[in-house]
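# Starting from these lines, generate the structure:
(2 chains)
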Amino acid sequence: QQQVKQSPQSLIVQKGGISIINCAYENTAFDYFPWYQQFPGKGPALLIAIRPDVSEKKEGRFTISFNKSAKQFSLHIMDSQPGDSATYFCAASIGETSGSRLTFGEGTQLTVNP
Amino acid sequence: EAGVAQSPRYKIIEKRQSVAFWCNPISGHATLYWYQQILGQGPKLLIQFQNNGVVDDSQLPKDRFSAERLKGVDSTLKIQPAKLEDSAVYLCASSRTSGGSETQYFGPGTRLLVL
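Next up is the predicted model:
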């Protein structure tokens, strides 16, 4: 079954803190794992993505950690800022397959308090 | 570079009425997607086009939903007749090609309320 489970549903952190969002998948054929960020009234936008040949990918304050054996991956936001307040979606697809659809998680609403 | 354009931004209709949404993808993008995003959930793919051909419509409720992408550029998504459970944001996205790791660029969405 092509499912991606995301937790927590909502997260509140203080400015400067670390935000951690977790996702788990079932389909072992998935090999491309992006995170999308969505602000109210806007469409999702790609934030960062990882393939399972690496265990970690970092871009600025955003890091994806990937655990292939556990079929889990997570997004870490270091030094969280009020401007990071948004809904975050993990997703998965079969990267090399033409036409492979993105399967999204349920989303995490992040609030960063000043 | 202009992003994905969608219209209208908001639509309120009564159940059993019909509604249509329009999408203009990023210039040069061969692949176009329509997603349904119900409040509090992640986007769910309804249909994927590669140029003007359908790649995946397995999750499209074909008894009431239809979509077309004439000439491989703009696309329209239609619901006829609408049900209460169709209330959602309808997102259009595009990508250069249909590869599973291609970045998808989303439009702002059309928020539909069915009364």
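# Contact residues of chain A facing chain B?
A:4, A:6, A:32, A:34, A:41-46, A:49, A:51, A:89, A:91, A:93-102, A:104-107 (Cβ under 8 Å from any Cβ of the partner chain). Every C-beta, even on glycine, is put in place using the N, C-alpha and C of the backbone.
# Could you tell me which of the residues you listed count as buried?
Using 16 or more other Cβ atoms under 10 Å in any protein chain shown as the burial test, the residues of chain A next to chain B include A:4, A:6, A:32, A:34, A:43-44, A:49, A:89, A:91, A:93-95, A:99-102, A:104-107 as buried.
# just the helices in chain B please.
For chain B, no helices are identified by DSSP state H.
# so who does the closest residue in space to A:Glu56 that isn't next to it in sequence touch?
Once flanking residues are discounted, A:Glu56 sits nearest to A:Ser65: 5.3 Å by Cβ to Cβ, 6 or more residues apart in numbering or on different chains. A:Ser65 is in contact with A:55-56, A:73-74, A:76, counting by Cβ atoms under 8 Å, 6 or more residues apart in numbering or on different chains.
# For B:Lys44, state which of those residues is nearest.
A:Phe73 (20.3 Å; Cβ to Cβ).
# So the closest one sits against A:Ile64, correct?
Yes: contact between A:Phe73 and A:Ile64 holds when scored by Cβ atoms under 8 Å: they sit 6.1 Å apart.
# what touches both of the two?
A:33, A:50.
# So those two - more neighbours on which side?
A:Phe73 (26 against 23; other Cβ atoms under 10 Å in any protein chain shown).
# Which strand or helix spans the closest residue to the more buried one other than its chain neighbours?
Leaving aside its chain neighbours, A:Phe73 sits nearest to A:Phe66 (4.6 Å; criterion: Cβ to Cβ, 6+ apart). According to DSSP states H and E, A:Phe66 maps onto strand A:62-67.
# chain center to stretch B:84-95: distance?
5 Å (Cα atoms, centre = their mean, to the nearest Å).
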